[in-house]
Every structure is written in C-alpha cells, then in structure tokens.
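Asks: curious how this folds, go ahead:
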Amino acid sequence: MALLYSVRQVKAHSNSASCWVTLNNKVYDVSSFVSDHPGGEELILNQAGNDITDLMKDELSHLHSEGAYEMMDEFLIGYLNTTTTTTAASTNNELKNRAKTPKPGADSTVATDYYDDNDDHFQPTDLSADKKKKFLDLTQPLFWQLWTSDYSKAFYLEQVHIPRHIPGSARIFGSSYLEVLTKTPWYIVPIFWLPVVVYNLTQSLNLGLGVDNVITHFLAGVVLWSLLEYMLHRFLFHLDAYPVDRLVRSVIAEPQVYAVLAGAYFGYILYDMTHYYLHHANVFKIHFKEMKTYHLAHHYKNFQGGYGITSKIWDRVFNTELEL
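Replies: Numbering: from 1, shown residues only. From the prediction side, this is the model:
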C-alpha cells in the first residue's frame, strides 16, 4: 500500500533531522541528502516541509537537471493528500473509503490514509526494480554486478554521470573480508604520508640545500600536486594517484627532488583530507563552504567542469570553472 500524507503532516518534518518536501503531489524524505545538496544545505532546509515543484523548475533561482528528478525517486515515501481540485477531491474521497482507520492518539506525523496499490491514479515507484532497470543496484555489492553486466560503453558512460545518492558508502564486495580492504579511515592518510614528507625534507637539508631553497621547492611541490590533482580528476575520473617520482627526478637535481616531493606529498595529504571533509562534514564557511558547493555541483550538475577540489585555480587557468 502506498502511504498518503496530509500537508500538515509534511510540514511537521521541517528540520535537518527529518526533512520532507513535496514535488508534483509526491512526498519525499530528503533528510539523508540535506548535507550533500549541491546548492548548500540552507537552500533545502529553507524549503523543508514545503512544496518544491515550482522551485525545481525555476531557471533563475535553482534549475535542476533531469538527473535530479530521477534521483528524487530514491527518496519517495508516499503521496500528498490534496483536495485542491474537484477531481482530486473526488479521488481522495473514494480512497478514504478504502483507507485503514488510524488508532486513537496516533502520531499526527504518521500517514493515516493509504492508496490502494491497484489504483490507476497513483502507482508507487518500485525503487529496487527501477535501479536494476536503469543501472547498478546501489543497495547491493557493486563489483559482481559490474563484472557480470553486458552494458555497452556508451550506456555505461551515460549512467556513471547520472547523479545518484545513498546514505553512507556503496558496498563494493559481497565478502566482508574483501570489503574491509576498500575502506581507509581519513586519519590513516596523514599518519602514513606525513613521515614521508618529513623524510624528504630532511634529505634535502642533509644534501646541502639551504632552508630558503627547501621552502621554495616545497611550495613548488604543493603547486605541482595541485596541477596533478586537476589533471587526474579531469582526465582519469577521480583517480587518487600519487605524484610521479620518476618524472620529477628527470627534470631537477637530487637535493631539490626531495624538497619538491615533500611538497607534492603534502599537497596530496591536503587534497585527500579536503575531499573527505567536503563530503562528510558541516564545513567552515570560509573557503570550504564555497568549495563544497562547487565540488557537489561537479558531482550533481556538470561533471565536465569544476575539477578542482582544494581550489579553483586550475579550473580558471584551463577555462573549466563552473558558474554557480
């Protein structure tokens, strides 16, 4: 049975812990998506408990892509009980005659009416079947699905660029022993790589490079990583690779190598931690708030721009900056 909610019941869910909205007379629980909204969580919280049909279509304020509408299906929880027109009122009266009677004192935020699944007017979306028909089922381990699939290259590339959202991380393997190998706590990156940074700085000093030159080459390494971050993100689709040591070694002398590598590794640490921070935290308003909106726009609005994660510098240089 598909649940039927009143406007009052929807409006009762108007905060970050429980955020509901309506779109085309359907009710959606978008609580798990609030912090990941590309335009910032304030935009969606300002509409919590309200209808967003006109806002989703508004080209001036907040135009949404077809992918955004498809993603909304994942948050569908029921339908809006509306009597705004004679036809709707007639339909709802018929449905109410078939509705289950709520228990006395029932929670006013819980649906008390039900649409018959066989009713021609409202058919609930079968989210599981919908996902499988379109692409991978994100509620199931992904590796075996992809391994046994027969997707064409064109279909695969089309689908991976359609935004999808689930709470938490999608599972890669069915085996728990393999799955644990796919996860790295954020703090492991600095624990592992900071000693490497210190080692390279020490080596550059031990080989006779002056402190001023060490600092200069270190900063050059940070800039080098920022360029690698952009290029890898743009051309290798989110591949978190490490700096190419042999390339660096071939163009500069050895003492400088260590200083540059130290800066590049440090840049990688900043990148990895920033990427995690943007996706999983309520970020500081200074710089990071803007970059979170910018990066989520890359994921949800336009994957062909906005490749910078720690900054927009190289997007501006290569004319791929997103206009928000």
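
Asks: only C-alpha atoms from now on, for both contacts and neighbour counts.
Replies: Will do.

Asks: could you list the low-pLDDT ranges of this protein?
Replies: Applying pLDDT under 70 to the chain flags the ranges 1-2, 38-40, 58-67, 82-134, 165, 167, 237-253.

Asks: just the strands in it please.
Replies: For the chain, the strands defined by DSSP state E cover 2-5, 20-23, 26-29, 76-80, 113-115.

Asks: may I have stretch 189-196 exported as CSV, CA atoms only?
Replies: The C-alpha trace of stretch 189-196 is given here as CSV (Å, rounded to 0.1, in the frame of the first residue of the first chain):
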residue,chain,number,x,y,z
VAL,A,189,46.4,9.2,5.1
PRO,A,190,48.3,11.9,7.2
ILE,A,191,49.6,9.2,9.6
PHE,A,192,51.2,7.3,6.7
TRP,A,193,52.3,10.3,4.5
LEU,A,194,53.5,12.9,6.9
PRO,A,195,56.6,10.8,7.9
VAL,A,196,57.3,10.6,4.2
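
Asks: can you pull the buried residues of that stretch?
Replies: 190, 193, 196 (16 or more other CA atoms under 10 Å).

Asks: contacting residues around the nearest residue to the last one once chain neighbours are set aside?
Replies: Same thing as Val196. Excluding the flanking residues, the one nearest Val196 by CA to CA, 6 or more residues apart in numbering is Ala262, at 7.3 Å. Counting by CA atoms under 8 Å, 6 or more residues apart in numbering, Ala262 makes contact with 196-201, 218, 221.

Asks: if we use 10 Å, what do you get?
Replies: 193-204, 214, 217-222, 256, 268 (CA atoms under 10 Å, 6 or more residues apart in numbering).

Asks: okay, now the domains of this protein?
Replies: 2-121, 135-182, 188-317 (automatic domain parsing).

Asks: start to end distance for the last one?
Replies: Distance between the boundary residues of domain 188-317 (CA to CA, to the nearest Å) amounts to 32 Å.

Asks: could you do the second one as well?
Replies: Looking at domain 135-182, the gap from its leading to its trailing residue is 22 Å under the measure CA to CA.

Asks: how near is Ile44 to Val10?
Replies: Distance from Ile44 to Val10, by CA to CA: 14 Å.

Asks: re the thing from before, out of the buried residues of stretch 189-196, which comes closest to Gly168?
Replies: Pro190 (22.6 Å; CA to CA).

Asks: can you redo the buried residues of stretch 189-196 as JSON lines with distance to Gln159?
Replies: Formatted as JSON lines, these follow (distance: CA to CA, whole Å):
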{"residue": "Pro190", "distance to Gln159": "34"}
{"residue": "Trp193", "distance to Gln159": "35"}
{"residue": "Val196", "distance to Gln159": "39"}
